[in-house]
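Chemist: Need a 3D model of the following:
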Amino acid sequence: VAEMEGAADKSGGATLARSSSPERGSGGRLEEKLSYKKSRVLEVPMQVWRKYGFVLLWAAVGLDLMLSVSGCPYLGQTVSAIFVIIYLFDHVSIRRVVTSVWSAIIDLYFREISVGGAHKLECLKDGRGVIFAIAPHVNQFIDPIVVMKVVAEKSRRHVSFLTAAVSYQRKYVGFFARAMKGIPVARPEDYEKPGPGKVVTKGANVEGTDTKFTKTFGKGFVIIVKSKGRKMTGKVAQVIDDTHMTLAGPLRVSAAVGGKNEHSETFKRMLSPQMVAVVFAASCFLFFYGFKTVFPSWSAIIVSGTFHLACLSTSLVYWSLRDSEPPSTTASITAPTPESLLESEAEAAPTESNADAVEPSNYSVQPFVDQKEMFEKVYASLLEGGTLGIFPEGGTHDGYRLLPLKWGIGTMVLGAMAKHEGPEPCKISVVPVGVNYFNPHKFRSTVSVDFGDPIEFSPDLAMQWKNGNKDEQMKATAAVMELIMSGVSACTLQAKDMTSLETFRTLRRLMVDGRLSVADNVALTQGIAAQLKQRKDDPRVMDVLDRCRTYNSMLQQYHVQDHQVQKLQDKVVSDHSIIMMTLSRIGIVLLFGLLLLPYWIAVAPTGLFLSVYSDLKARQVGKMSVKGTWKILLGPIVYTFFHLESSIAIFFAFGEFPGLVWFFLSPVFATYALFAAEEGGRVLKSINSLMLLMRQKHIGLQLYEFRQTLYRDVQAIKEDQGWLGSLDASTRERLEARQVMQWEAGQDVSSHQHKD
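Modeler: This next block holds a predicted model:
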């Protein structure tokens, strides 16, 4: 309709121009008339093309049939394909195609994507500008795709993400970023370079040796000095000469460097690519020799089978070494005290302090980056009612609590509001989003996307930012950032470390029985963490925390899970029953393994390549946050390549029809096999508790009794202190209803057992 109106406007403009130019010759009038007729002749076909695209597809089918009947089937197929391609380019949005593809990949990568607080997005349907402030950023390119998918499903808005300019300039990543309407952001840390010579600092004064400050630095540049395991930063105020300059203030210690990384042990256990190649070559030799012994004649299927089986065996060796843990011998595993689990954010958060580099130290330079163009694009998008996504932490990390938020998001909000001109106040909302993962880098894990209450800002803050001096602008931005930090903290699951997080989760399982959705799990764990922080001086709470960590240590030692301990009492009947139950489940696992073996063999090369390559990238940057990104970026390409390889091998070994069947149907069977493998994995894990009862029945009973005592104490604390009161009303009602159902089910079981 818009194009038709535009065409009408253009034709109207032509008519006016014609009437206002009377001094034209007859030749000019004839040329004008022919041009007018030509445009009128083309108008109807163009309207049909634009509005009734199915006619184009109908013509494509007709031409294909007519040319095929005429004896030119290949020409007919070519012409029809051209028509279809033209239709797709003209009627299908590249952004929607790219978004749909990535949404499908994310659905396959995660077993469950749960959403909390989706009702809070209803107020955004009035067309206001929106910024989604997302944290924590622990899964590089996966985080934006997950949020984009959920927001599109729940609010019908497309989120355009602020993307690092270096990523935007990459060939393939940049294509997807541009297709999804991203906005490039030049970050100074992406252009950091080492500087010549060495420096020492005293207060705000910097003195260099063999340095070239006049060529290396400028006003607004940042110097980064790494000395004695510390990373210190300072902003350049004035460059005096090649060896002297002054800073805006003393160097600030922003982080520790060179310390032991949380994942250092995992990185050490990873086999190097060279060792993987050695294991793979040895496996190939063994399998090929075995195949040639059984099948003397050479064939493509022998080569392909050798390759896939070698990949499978190498994968098993690689995963077993990488994921192995040092065995524990006693239940008294060293764990933090209850007080350390409740360490305040102020104590646990990284602190900054002034420092000097007293010894000559290496340094690097971050240039000043003018962000004016980026901010103008953001302002324009927000004032037009656009939807932006930003990770205010500024980068990815592997931590369990938030990093300090960058102030750029505050400048975006206030700057856009200050640019608004009109009688009505400008509505721009910031929606906090918590992306809470369970095993974020693992294939088929779960994730919860939790939306906080939309934050609206007073127009007075925008006027203060617009008309005030630098100090007043800082105060206005600080007020905005305080609101955003509070909102983001409320919808993210934070803990000091993994041990603290596991303790919170154990309390959650003891507080509410049964399987919860991922969103309810996150909400309940957040509520428990908040209550623990408020009641850290209560001796009953301290005692429960101490026993929770002991219980977690025992679970780790005996390789059982909490939900298995809950069922130990039901399984304790007789040694004969335990043996029969164990054998039956082993039989089920073997049956699953036998049925799924072709699937594992088919996807083994893909799994091995993605595991080794993603681990290699993680080890290079020292962060696990890039693993999932490389898996989803390369997964479709690698799987397609090896699928073609196996299809070609089957085609040459067994003929055309089996090759086509494998090519088209094996991906479908592989999807079903994936779900079946998950069920088989659950059965396999359940064998651990049965084996524990067979070997050490008294330990199993002790675990069960320990959990029951802990469960009763947690329930008593919950009822006495009203721990569910901190949750929102809808979540609290669901959890309380579940508790009632669990209690009624328990009463029914007890009555049946009494009758028996």
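
Chemist: wait, Val358 sits on Gly203?
Modeler: No - in this structure Val358 lies outside contact range of Gly203 using C-beta atoms under 8 Å: 11.6 Å. For the C-beta atoms, the positions are set from N, CA and C on the backbone; glycine is no exception.

Chemist: Can you say which helix or strand has Met245 in it?
Modeler: strand 244-247 (DSSP states H and E).

Chemist: Enumerate the positions of that strand that are buried.
Modeler: 245, 247 (16 or more other C-beta atoms under 10 Å).

Chemist: Pull up the pairing partners for that strand, direction included.
Modeler: Here strand 244-247 has these sheet partners by DSSP bridges: strand 205-209 (antiparallel), strand 230-241 (antiparallel).

Chemist: So which of the ones you listed is nearest Phe291?
Modeler: Closest approach to Phe291 among the strands paired with strand 244-247 (C-beta to C-beta): strand 230-241, 55.1 Å.

Chemist: Now do the same contact list for Leu684.
Modeler: When contacts are counted by C-beta atoms under 8 Å, 6 or more residues apart in numbering, Leu684 touches Val589.

Chemist: Wait, a helix at it?
Modeler: Yes - assessed by DSSP: H, G, I helix; E, B strand; the rest coil, Leu684 belongs to a helix.

Chemist: Tell me how far it lies from Leu590.
Modeler: From Leu684 over to Leu590 the distance is 10 Å, taken as C-beta to C-beta, to the nearest Å.

Chemist: Identify all contacting residues around the strand holding Met245.
Modeler: 201, 204-208, 213, 217, 223, 234-240.

Chemist: got it, and stretch 166-173?
Modeler: 141, 174, 177-178, 182, 184, 187, 190, 633.

Chemist: and it, how far apart are its ends?
Modeler: Terminal residues of stretch 166-173 are spaced 10 Å apart (C-alpha to C-alpha, to the nearest Å).

Chemist: Would you mark the buried spots in it?
Modeler: Counting neighbours by 16+ other C-beta under 10 Å, stretch 166-173 gives 166-168, 173 as buried.

Chemist: Kindly report the same for stretch 355-369.
Modeler: For stretch 355-369, by 16+ other C-beta under 10 Å, it's 355, 357, 361, 363-367, 369.

Chemist: Same check on stretch 420-431?
Modeler: Buried residues in stretch 420-431 (16+ other C-beta under 10 Å): 420, 426-431.

Chemist: Next, format the residues you listed as JSON lines and append pLDDT and secondary structure.
Modeler: Below are the buried residues of stretch 420-431 laid out as JSON lines (pLDDT from 0 to 100; DSSP: H, G, I helix; E, B strand; the rest coil):
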{"residue": "His420", "pLDDT": "87", "secondary structure": "coil"}
{"residue": "Cys426", "pLDDT": "84", "secondary structure": "coil"}
{"residue": "Lys427", "pLDDT": "86", "secondary structure": "coil"}
{"residue": "Ile428", "pLDDT": "91", "secondary structure": "strand"}
{"residue": "Ser429", "pLDDT": "93", "secondary structure": "strand"}
{"residue": "Val430", "pLDDT": "95", "secondary structure": "strand"}
{"residue": "Val431", "pLDDT": "94", "secondary structure": "strand"}
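
Chemist: so Pro459 touches Glu424, yeah?
Modeler: No - Pro459 lies out of contact with Glu424 (C-beta under 8 Å); the separation is 10.3 Å.

Chemist: So in this structure, where's the weakest helix or strand by average pLDDT?
Modeler: Lowest by mean pLDDT, DSSP states H and E among the helices and strands of the chain is helix 2-19, with a mean of 36.

Chemist: Val61: which element?
Modeler: Using DSSP H and E, Val61 falls in helix 53-69.

Chemist: low pLDDT regions in the chain?
Modeler: Residues of the chain meeting the criterion pLDDT under 70: 1-54, 254-262, 295-298, 325-353, 494-498, 513-520, 568-575, 693, 723-756.

Chemist: can you point me to the longest helix in it?
Modeler: The residue-count maximum for a helix in the chain (DSSP state H) belongs to helix 575-621.

Chemist: Against which helices or strands is the helix or strand following that helix packed?
Modeler: Later in the chain than helix 575-621, the nearest helix or strand by DSSP H and E is helix 627-654. Packing partners of helix 627-654 (3 or more C-beta pairs under 8 Å, 6 or more residues apart in numbering; DSSP states H and E): helix 94-109, helix 142-155, helix 300-322, helix 575-621, helix 656-695.

Chemist: tell me how far the second one is from the chain's mean position?
Modeler: Read it as helix 142-155. 10 Å (C-alpha atoms, centre = their mean, to the nearest Å).

Chemist: Can you list the neighbours in contact with it?
Modeler: 99, 102-103, 105-106, 109-110, 113, 115, 118, 121, 124-125, 132, 134, 137, 139, 157-159, 161, 180, 387, 389, 391, 433, 435, 440, 447, 449, 628-629, 632.

Chemist: One more pass at 6 Å, please.
Modeler: 102-103, 106, 115, 118, 121, 124, 134, 137, 157, 159, 161, 389, 433, 435, 449, 628 (C-beta atoms under 6 Å, 6 or more residues apart in numbering).

Chemist: Out of the residues you listed, name the ones that lie in helices.
Modeler: 102-103, 106, 628.

Chemist: ok so, going back, in the helix holding Val61, which residues are buried?
Modeler: For helix 53-69, by 16+ other C-beta under 10 Å, it's 53, 56, 60, 63-64, 67.

Chemist: want to throw those residues into a markdown table with distance to Arg505?
Modeler: Putting the buried residues of helix 53-69 into a markdown table (distance: C-beta to C-beta, whole Å) gives the following:
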| residue | distance to Arg505 |
| --- | --- |
| Gly53 | 52 |
| Leu56 | 56 |
| Ala60 | 57 |
| Leu63 | 62 |
| Asp64 | 59 |
| Leu67 | 65 |
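
Chemist: From the residues you listed, pick the one nearest Asn688.
Modeler: Gly53 (58.1 Å).

Chemist: How far does stretch 537-550 sit from its chain's centre?
Modeler: For stretch 537-550, the distance to the chain centre is 34 Å (C-alpha atoms, centre = their mean).

Chemist: where's Leu247 relative to Ile223, distance?
Modeler: Counting by C-beta to C-beta, the gap from Leu247 to Ile223 is 7 Å.

Chemist: Tyr704 too?
Modeler: For Tyr704, the distance to Ile223 - C-beta to C-beta - is 60 Å.

Chemist: These two: which is more packed in?
Modeler: Just comparing Tyr704 and Ile223: by other C-beta atoms under 10 Å the higher neighbour count belongs to Ile223, 24 against 19.

Chemist: Where do the helices of the stretch 401-550 of the chain begin and end?
Modeler: Ranges of helices within the stretch 401-550 of the chain are 408-419, 459-467, 470-490, 498-511, 518-534, 539-558, based on DSSP state H, counting those that start in this stretch.

Chemist: Serialize these to TSV and add fields for distance to Leu665 and mean neighbour count.
Modeler: Listed next are the helices of the stretch 401-550 of the chain as TSV, based on distance: least, C-beta to C-beta, whole Å; neighbours: other C-beta atoms under 10 Å:
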stretch	distance to Leu665	mean neighbour count
helix 408-419	49	22
helix 459-467	59	16
helix 470-490	46	17
helix 498-511	41	20
helix 518-534	32	21
helix 539-558	42	18
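
Chemist: who wins for proximity to Ala676 among those?
Modeler: Comparing these by C-beta to C-beta, helix 518-534 comes nearest, at 22.0 Å.

Chemist: just checking, what packs against that closest one?
Modeler: strand 110-116, strand 445-451, helix 498-511 (3 or more C-beta pairs under 6 Å, 6 or more residues apart in numbering; DSSP states H and E).
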